[in-house]
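>>> pasting the sequence and the predicted coordinates here, then a few questions.
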There are 2 protein chains.
Amino acid sequence: MNTILEQSFSVPFRYPVAFTENLFDPQNQILANVLRGERVPKVLFVIDSGVADTHPHLITEVKNYALAHADVFTLAAEPMIAIGGEACKNEESEYQKIVEATHLYGIDRHSYIAAIGGGAVLDMVGFAAAISHRGIRLIRIPTTVLSQNDSAVGVKNSVNAFGKKNYLGTFVPPVAVLNDFNFLKTLDDRDWRAGISEAIKVALIKDLSFFEWLENAGEALARREMEPMKVHIIRSAKMHMDHIAGEDPFEFGSSRPLDFGHWAAHKLEKLSDFRIRHGEAVAIGIALDSAYSYLQGRITESDFNRIIQLMHTLGFELFAPELQGENLIQGLKEFQEHLGGQLTIMLLEKLGNGVEVHEMDHDLIFKSVEILRRLEKKSAVHAS
Amino acid sequence: MNTILEQSFSVPFRYPVAFTENLFDPQNQILANVLRGERVPKVLFVIDSGVADTHPHLITEVKNYALAHADVFTLAAEPMIAIGGEACKNEESEYQKIVEATHLYGIDRHSYIAAIGGGAVLDMVGFAAAISHRGIRLIRIPTTVLSQNDSAVGVKNSVNAFGKKNYLGTFVPPVAVLNDFNFLKTLDDRDWRAGISEAIKVALIKDLSFFEWLENAGEALARREMEPMKVHIIRSAKMHMDHIAGEDPFEFGSSRPLDFGHWAAHKLEKLSDFRIRHGEAVAIGIALDSAYSYLQGRITESDFNRIIQLMHTLGFELFAPELQGENLIQGLKEFQEHLGGQLTIMLLEKLGNGVEVHEMDHDLIFKSVEILRRLEKKSAVHAS
């Protein structure tokens, strides 16, 4: 005689995603409002080394903010510095340092870790927070276009292992995402530009009107105007949030994150030893899969040209020597493995509409690469 | 101008908790039913060394089951062995070995890890599964009374770190919990008995009729009769399931797991270097907090005596040399730290009804210890 009981419950998650300036101005209540509660919690700040270098007063500002709001929270310790960029996800010692700090400073489940930095640092600190005490409350303070308009609103965290990106990680939402636009002003041109590719991605597969808005704003964005940058970030972040909330937040089923252009991008990043940054690789990946969609007759030549034109206006390079057919076929295989079994690739059905397919024609991939190679030569001739 | 978006979603979890015998008899469909799907997934088995020793044919049985159901799933590799007992949670290399195996054998998010063993092994393997690929599907196959009637139905996993129990871990539910009663037949008397304390715990704070049932079944349980053992396991597991589903499964707020008697138990385990097993320590912890509840006038002397009588019928020792006032006060402090701030202790209001309090009188704790010491002397005299 067997007995089978069914366990069933839902876990609700709720967190604010705020967009502001001067987050650490003592007058700015956003962070204090997140931390205010029955207790006066400890907060451990972890700062991306790149951000700390570019913002030498940031640590002092954080300390002054804590002093001004001493009735709301206290600093658990001196703010810690984490190596900026992908390196912090490759070095085991980086996340272990944060885990150890939670032990040393008595950071419990009702305390907070606030991570200030780019996507890689947020991923790594998020992982350390998620596994310590079965989950310390995480506040993400993203400082790049890419993390503000896309990754920081998500529910994932991770570090790399066995040479594989994001091999270790969990699905654990943050308790707040606080975006300070001022951090964007000090980004170099490459990082300012790179993150915009994630907005183009989501516009192309979900929202024609947003794509048209980006076309109109392209030159102003290329000139580093702040207003269109802010508008595009909020709109892109919102679309990523809606996707997560609407589908399958923890990706139990076959539902996919918004990863148009990403299968090739992952491979290009690795092949170039991360010389090509994530957002730059995504731009190339989008161009490649747009070319493929065009060759399959899914989108028109004029649609394809609009995509390439926007990328060029923003200053993206759409070809890299690593972009070779055989490498890409290998990348496709790795992507399939990562998905676990069935291949699922997002292509374009028309501008603003993505469509999932479950196979890709290798010959058409080679031809798509050729298109990007020819476009590069043309634009090189044009530039000379 | 600040913009604040609110992200909000719920994540549904659903999994069967099955009770059976001869789980690996090829005729038994329960495991195959869990694994059956569009794909033929890989399954990595990890077996508690204690269970493998007591059941020398288990690995062969698992392999034969896989052969018989080759259309449903395949073995990812030879079943692995994990050190049984708390040691597997103390040795970092134990969980890392599982994580590495997921890499070596290509275990992805749509594959499964099936852990066969006691609570410690299930905790450790669950942690490895939870962080690999951001979560590999976990099937728990608990083999002890304690894990079948309590811990395996839960949503937590963990390993120890920095000398602290469960320092690293996550809240990630399994995809199935499959209980095979046959594993209980080979438990030694101490483990057969120890787990029953978790059922007494939940009965005392939630359900008088279950406590009365345990009183009636006490002698049969002490004689190792299987029928009352099965009944009590299903009833206790169900109560633990309902508690998790009904309150705050991931313990975001101040809600507590069912941990009557546990604050002292945690300390006793550690003080005795785990000579006192978890369930045995819980029995002592329950006796202690029942004495305290009696001294506070919450329950009557006759209620208190019924609790002690049931414990004695089952063969529990209710005193240990480590049970000293000063040690306990220290344990109380550590428990408060673990909770993060406010102390919350469950006491008895009456039989079948728990009540939470936020402070404990040290003097009354000392007096409660004295009661247990006197009871031990009396039963020692009685036994001689």
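Yep, it's here. Residues are numbered from 1 along each chain as shown, chains lettered A, B, ... in the order given.

>>> for the nearest residue in space to residue A:2 that is not next to it in sequence, what are phi and psi?
Nearest-residue entry for residue A:2: residue B:20, 4.6 Å, with adjacent residues in sequence omitted and distances by CB to CB, 6 or more residues apart in numbering or on different chains. (Glycine included, C-beta is placed from N, CA and C.) Per-residue torsions, residue B:20: phi -150, psi -180 (degrees, to the nearest 10).

>>> so residue B:20 is in contact with residue B:180, correct?
Yes: between residue B:20 and residue B:180 there is a contact under CB atoms under 8 Å: 5.9 Å.

>>> okay, now the residue nearest to residue A:2: neighbour count?
19 (other CB atoms under 10 Å in any protein chain shown).

>>> ok, now which ones touch it?
A:2, A:3, B:28, B:30, B:178, B:179, B:180, B:181 (CB atoms under 8 Å, 6 or more residues apart in numbering or on different chains).

>>> wouldn't the fourth one be in contact with residue B:23 here?
This means residue B:30. Yes: Residue B:30 is within contact range of residue B:23, at 6.5 Å (criterion: CB under 8 Å).

>>> what residues are shared contacts of the two?
With CB under 8 Å, 6+ apart as the test, residue B:30 and residue B:23 both reach residue B:178.

>>> sec struct for residue A:258, please.
coil (DSSP: H, G, I helix; E, B strand; the rest coil).

>>> and it, how far is that from chain B?
15 Å (CB to the nearest CB, to the nearest Å).

>>> which non-adjacent residue is nearest the spatially most central residue of chain A?
Centrality entry for chain A: nearest residue to the mean C-alpha point is residue A:151, 2.7 Å, by CA atoms, centre = their mean. Nearest residue to residue A:151, sequence neighbours excluded (CB to CB, 6+ apart): residue A:119, at 4.4 Å.

>>> distance of that neighbour from residue B:61?
Counting by CB to CB, to the nearest Å, the gap from residue A:119 to residue B:61 is 47 Å.

>>> repeat for residue A:90
42 Å.

>>> ok, the closest residue to chain B within the stretch 101-250 of chain A - contacts?
Residue of the stretch 101-250 of chain A nearest chain B, by CB to the nearest CB: residue A:108 (3.5 Å). Counting by CB under 8 Å, 6+ apart, residue A:108 touches A:133, A:136, B:337, B:338, B:339, B:340, B:341.

>>> out of those, who's nearest residue B:219?
Comparing the contacts of residue A:108 against residue B:219 with CB to CB places residue B:338 closest, at 36.8 Å.

>>> what's the neighbour count on that closest one?
Based on other CB under 10 Å, the number of other residues close to residue B:338 is 16.

>>> cool, and residue A:359?
11.

>>> how about residue A:22?
Around residue A:22 there are 13 residues (other CB under 10 Å).

>>> same check on residue A:329?
As a burial measure, residue A:329 scores 14 neighbours (other CB under 10 Å).

>>> report pLDDT for it.
At residue A:329, the model reports a pLDDT of 93.

>>> can you tell me the element it falls in?
Using DSSP states H and E, the element containing residue A:329 is helix A:325-339.

>>> quick one, the helix or strand just after that helix and helix A:325-339 angle?
Proceeding N to C from helix A:325-339, the next assigned helix or strand is strand A:345-350, under DSSP H and E. Angle between the axes of strand A:345-350 and helix A:325-339 is 110 degrees (criterion: axes from the mean of the first three to the mean of the last three CA atoms, to 10 degrees).

>>> can you check what angle separates the strand or helix carrying residue A:14 from strand B:3-20?
Using DSSP H and E, residue A:14 sits within strand A:3-20. Between strand A:3-20 and strand B:3-20, the angle comes out at 170 degrees (the same axes, to 10 degrees).

>>> run the chain-centre distance for strand A:3-20.
Relative to the centre of its chain, strand A:3-20 is centred 22 Å away, using CA atoms, centre = their mean, to the nearest Å.

>>> equivalent analysis for stretch A:17-28, please.
21 Å.

>>> which residue ranges form the strands in the stretch 251-384 of chain A?
A:345-350, A:353-357 (DSSP state E, counting those that start in this stretch).

>>> among the ones you listed, which comes closest to chain B?
strand A:353-357 (15.7 Å).

>>> quick one: that closest one to strand A:345-350, angle?
Using the same axes, to 10 degrees: strand A:353-357 against strand A:345-350 is 140 degrees.

>>> what's around residue A:92, how many residues?
Residue A:92: 12 neighbours (other CB under 10 Å).

>>> tell me the contacts of it?
A:159, A:161.

>>> and if you look at residue A:363?
Residue A:363 neighbours (CB under 8 Å, 6+ apart): none.

>>> quick one: contacts of stretch A:369-377?
Outside stretch A:369-377, the residues touching it (CB under 8 Å, 6+ apart) are A:284, A:287-288, A:291, A:294-295, A:308, A:317-319, A:323-325, A:328.

>>> from those residues, which is closest to chain B?
Ranked by distance to chain B (CB to the nearest CB), these are led by residue A:328 at 21.2 Å.

>>> state the distance from that closest one to residue A:362.
From residue A:328 to residue A:362 the distance is 9 Å (CB to CB).

>>> more crowded one of those two?
Using other CB under 10 Å as the criterion, residue A:328 and residue A:362 rank with residue A:328 on top: 24 against 13.

>>> follow-up on the earlier one: quick check, nearest of the contacts of residue B:20 to residue A:233?
residue B:178 (47.5 Å).

>>> the strand holding residue A:14 pairs with which strands, parallel or anti?
Strand A:3-20 has the following strand partners under DSSP bridges: strand A:176-180 (parallel), strand B:3-20 (antiparallel).

>>> residues from the stretch 251-384 of chain A in reach of chain B?
A:251, A:337, A:338, A:339, A:340, A:341, A:342 (CB under 8 Å from any CB of the partner chain).

>>> what about the last one, how many residues nearby?
This means residue A:342. 12.

>>> tell me which residues touch the residue nearest to it when sequence neighbours are not counted, please.
Nearest residue to residue A:342, sequence neighbours excluded (CB to CB, 6+ apart): residue A:358, at 6.1 Å. Residues near residue A:358 by CB under 8 Å, 6+ apart: A:342, A:343, A:344, A:345.

>>> contact partners for residue A:35?
Residue A:35 neighbours (CB under 8 Å, 6+ apart): A:41, A:43, A:69, A:72, A:73, A:112.
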